[in-house]
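*Asks:* Make a model of this:
(chains A, B, C and D)
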There are 4 protein chains.
Amino acid sequence: MAQAIDMLETHPRSLNTDAGLLASAIDALAECASTCTQCADACLAENDVAPLVECIRLNLDCADICEATSRVVARQAGSNPDVVRAQLQACIEACRACGDECERHGMHMEHCRICAESCRRCEEACRQLLVAMA
Amino acid sequence: MAQAIDMLETHPRSLNTDAGLLASAIDALAECASTCTQCADACLAENDVAPLVECIRLNLDCADICEATSRVVARQAGSNPDVVRAQLQACIEACRACGDECERHGMHMEHCRICAESCRRCEEACRQLLVAMA
Amino acid sequence: MAQAIDMLETHPRSLNTDAGLLASAIDALAECASTCTQCADACLAENDVAPLVECIRLNLDCADICEATSRVVARQAGSNPDVVRAQLQACIEACRACGDECERHGMHMEHCRICAESCRRCEEACRQLLVAMA
Amino acid sequence: MAQAIDMLETHPRSLNTDAGLLASAIDALAECASTCTQCADACLAENDVAPLVECIRLNLDCADICEATSRVVARQAGSNPDVVRAQLQACIEACRACGDECERHGMHMEHCRICAESCRRCEEACRQLLVAMA
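*Replies:* Numbers count the residues shown, from 1 in each chain, chains lettered A, B, ... in the order given. Here you go, the predicted structure:
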């Protein structure tokens, strides 16, 4: 996804934040949303779903929140900074909660291990963007 | 949408929060998301789009955030309360910013006036749910 | 949600389709999306999740497709009619599949019975809009 | 996004389709959704928005449809094949319409040129997946 940075560089308005951090966040958010959607589906396909119910719920929350955050962040040219910051904070919370839960199952389930890594990367990218916006 | 409350009452797990407040929030979030999507489209169809660009962006942000919040809130049975709270806070921020912007155009544009009211109702419903969860 | 029809009537451009049918579809789509999200969560909270895995997947598909359709339909003023039609067809398919699956569990689970009804209403509203657009 | 293929390979159920085609579609859909969201925002930031109104609408439609399609496709393990196919068809239609419109502005606006390419790649990835599922 070299797309995100190319799109930022051809945007008619100058950026409020560092283009590299912004593009990294857009990419990490899109990846985390996809990975969480796939992880929820993989959890649903396991023989014993019961111990994974909480993981599925957090995967679904995290996918929904990452997608909304990715769209809000992509509309960087003029959105209200308070809205962007509050949404980034919610996303950091969602990635942390989902990453923690996936990590618990990561030893037994490879899809959870990969998903936990995606969540950590996304949490970190959101955090860096939030700091840069402050 | 008497649906939301019926669905909550047939949910196999007992609720963590008041069913009435939860159902009101789910309904207000769905309505606000639709209204903001329609307001963005109506703004785009006005003869002079330039003064409405910021309104369109906030409409789009608010629609995306309301939809994500509505899904997170609907998964009430077990989601992480920190995630729900942070997402409700982001939604309150988005509804406030969009409601303020729509209100400025509400005297000249009826769709913005109606949308501002939807945002106020949704902000209030989210605030009440957040207080009840504390 | 008298909102949808009010918003259509204050839209600066004249509608391509009957406002009543359009508003009914927007409302039915929003309701079906919420109900499917709630039904997936209720299914996940049942003691025996295994026989509900397919129902959960279809609930999630139907919620995602209804939300996208609702947004596409709400941008009625100028969107490409081929896109609107194809998306309505996909939504009819999703509502039918999810309605059928929920109906199978409806005798034992009230949330699936209510959700099946939401899917039927939404399928019918989309079908009527599709016919009116032809 | 090597994530998508890794997630597919660790999924507990065997795939119904070629993992490479599926992962390519998931990646192309995520990229196209982000690019269309960014293109809509860049169009809104241009000095003369009026000639871009239709492009913005199609960008928003395409982003919404790509995201829904990406989620439906990611739940590959058991979803109803008729639903997947109908949604892929709607997505092909959306990518074609948005790609055509962006192409018209591509000579003057770099963000539209890049977005048109994203739409073409996504249309092609969906088409290949649809053929492989038939």
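*Asks:* contacting residues around A:M7?
*Replies:* D:34-35, D:38-39, D:42, D:111, D:114-115 (C-beta atoms under 8 Å, 6 or more residues apart in numbering or on different chains). All C-beta spots, glycine's among them, are computed from the backbone N, C-alpha and C.
*Asks:* CA atoms only for stretch A:21-37, dumped as PDB, please.
*Replies:* Extracted in PDB, the C-alpha atoms of stretch A:21-37 (Å, rounded to 0.1, in the frame of the first residue of the first chain):
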ATOM      1  CA  LEU A  21       3.100   9.000  10.200                       C
ATOM      2  CA  LEU A  22      -0.300   9.600   8.600                       C
ATOM      3  CA  ALA A  23       0.200   7.100   5.800                       C
ATOM      4  CA  SER A  24       1.600   4.500   8.300                       C
ATOM      5  CA  ALA A  25      -1.500   4.900  10.400                       C
ATOM      6  CA  ILE A  26      -3.800   4.600   7.400                       C
ATOM      7  CA  ASP A  27      -2.000   1.400   6.300                       C
ATOM      8  CA  ALA A  28      -1.900  -0.100   9.800                       C
ATOM      9  CA  LEU A  29      -5.600   0.600  10.400                       C
ATOM     10  CA  ALA A  30      -6.600  -1.000   7.100                       C
ATOM     11  CA  GLU A  31      -4.400  -4.100   7.800                       C
ATOM     12  CA  CYS A  32      -5.700  -4.400  11.400                       C
ATOM     13  CA  ALA A  33      -9.300  -4.200  10.300                       C
ATOM     14  CA  SER A  34      -8.800  -7.000   7.700                       C
ATOM     15  CA  THR A  35      -6.800  -9.100  10.100                       C
ATOM     16  CA  CYS A  36      -9.400  -8.800  12.900                       C
ATOM     17  CA  THR A  37     -12.200  -9.700  10.500                       C
END
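*Asks:* now it, how far from the centre of its chain.
*Replies:* Remark: stretch A:21-37 is offset 5 Å from the chain centroid, using C-alpha atoms, centre = their mean, to the nearest Å.
*Asks:* Is that stretch in proximity to chain C?
*Replies:* No - against chain C, stretch A:21-37 shows no contacts by C-beta under 8 Å from any C-beta of the partner chain, the least distance being 8.6 Å.
*Asks:* on that earlier part again, can you put the contacts of A:M7 in CSV and add pLDDT?
*Replies:* Converted to CSV, the contacts of A:M7 look like this (pLDDT from 0 to 100):
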residue, pLDDT
D:S34, 96
D:T35, 97
D:Q38, 96
D:C39, 96
D:A42, 95
D:H111, 95
D:I114, 96
D:C115, 97
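*Asks:* Redo those as TSV? Include neighbour count.
*Replies:* Formatted as TSV, these follow (neighbours: other C-beta atoms under 10 Å in any protein chain shown):
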residue	neighbour count
D:S34	28
D:T35	32
D:Q38	31
D:C39	34
D:A42	27
D:H111	27
D:I114	22
D:C115	35
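*Asks:* Give me every residue in chain A lying close to chain D.
*Replies:* Going by C-beta under 8 Å from any C-beta, the residues of chain A near chain D are A:1, A:3-4, A:6-8, A:10-13, A:26, A:30-31, A:33-35, A:37-39, A:41-42, A:44-47, A:63, A:67, A:70-71, A:74-78, A:109-111, A:114-115, A:118.
*Asks:* Out of those, which end up buried?
*Replies:* Neighbour counting by 16 or more other C-beta atoms under 10 Å in any protein chain shown classes A:1, A:3-4, A:6-8, A:10-11, A:26, A:30-31, A:33-35, A:37-39, A:41-42, A:44-46, A:63, A:67, A:70-71, A:74-78, A:109-111, A:114-115, A:118 among these as buried.
*Asks:* Helix or strand, whichever it is, which one in chain A has the lowest mean pLDDT?
*Replies:* Lowest by mean pLDDT, DSSP states H and E among the helices and strands of chain A is helix A:3-9, with a mean of 88.
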